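Student: The sequence and its predicted three-dimensional model are supplied below.
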Amino acid sequence: MTQLLRDRIALITGGAAGIGEGATRVLASQGAGVAICDRDEERGIRLAAELSEKGQVAAFFAADYLDPDSARAAVT
């Protein structure tokens, strides 16, 4: 597989489930490091661990983007 996004970082909001999870997986498979931001800690942690086990760079950050303080904390 090509590494089109090698040395890039992607921050994916809602990245632990649904379309966000799909985007997370595609970006990671293309070589991007992924910062998974989501309210669902269990799914986010599990997805980050799964990707890391495959040798991909992934980290989870708990965030609720309906709460401005939570959103700010996720990106600082």
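Tutor: Okay, I see it.
Student: CA only for contacts and neighbour counts going forward, please
Tutor: OK.
Student: Please, where are all the helices along the chain?
Tutor: 18-29, 41-53, 68-75 (DSSP state H).
Student: Give me the helices and strands touching the last one, please.
Tutor: Right, helix 68-75. With contacts defined as 3 or more CA pairs under 8 Å, 6 or more residues apart in numbering; DSSP states H and E, helix 68-75 has no helix or strand neighbours.
Student: buried ones in it?
Tutor: Neighbour-count burial for helix 68-75, counted by 16 or more other CA atoms under 10 Å, picks out 71, 74.
Student: again, but for the first one
Tutor: Of the residues in helix 18-29, 20-21, 23-25, 27-29 count as buried by neighbour count, 16+ other CA under 10 Å.
Student: now stretch 48-55
Tutor: Residues 48-49, 51 are the ones in stretch 48-55 that count as buried (16+ other CA under 10 Å).
Student: Can I get that stretch in PDB? Just the C-alpha atoms.
Tutor: The C-alpha trace of stretch 48-55 is given here as PDB (Å, rounded to 0.1, in the frame of the first residue of the first chain):
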ATOM      1  CA  ALA A  48      -6.100   3.500  18.700                       C
ATOM      2  CA  ALA A  49      -4.700   0.200  20.100                       C
ATOM      3  CA  GLU A  50      -5.800  -1.800  17.100                       C
ATOM      4  CA  LEU A  51      -4.100   0.600  14.700                       C
ATOM      5  CA  SER A  52      -0.900   0.800  16.800                       C
ATOM      6  CA  GLU A  53      -0.700  -3.000  16.800                       C
ATOM      7  CA  LYS A  54      -0.600  -2.800  13.000                       C
ATOM      8  CA  GLY A  55       2.400  -0.400  13.200                       C
END
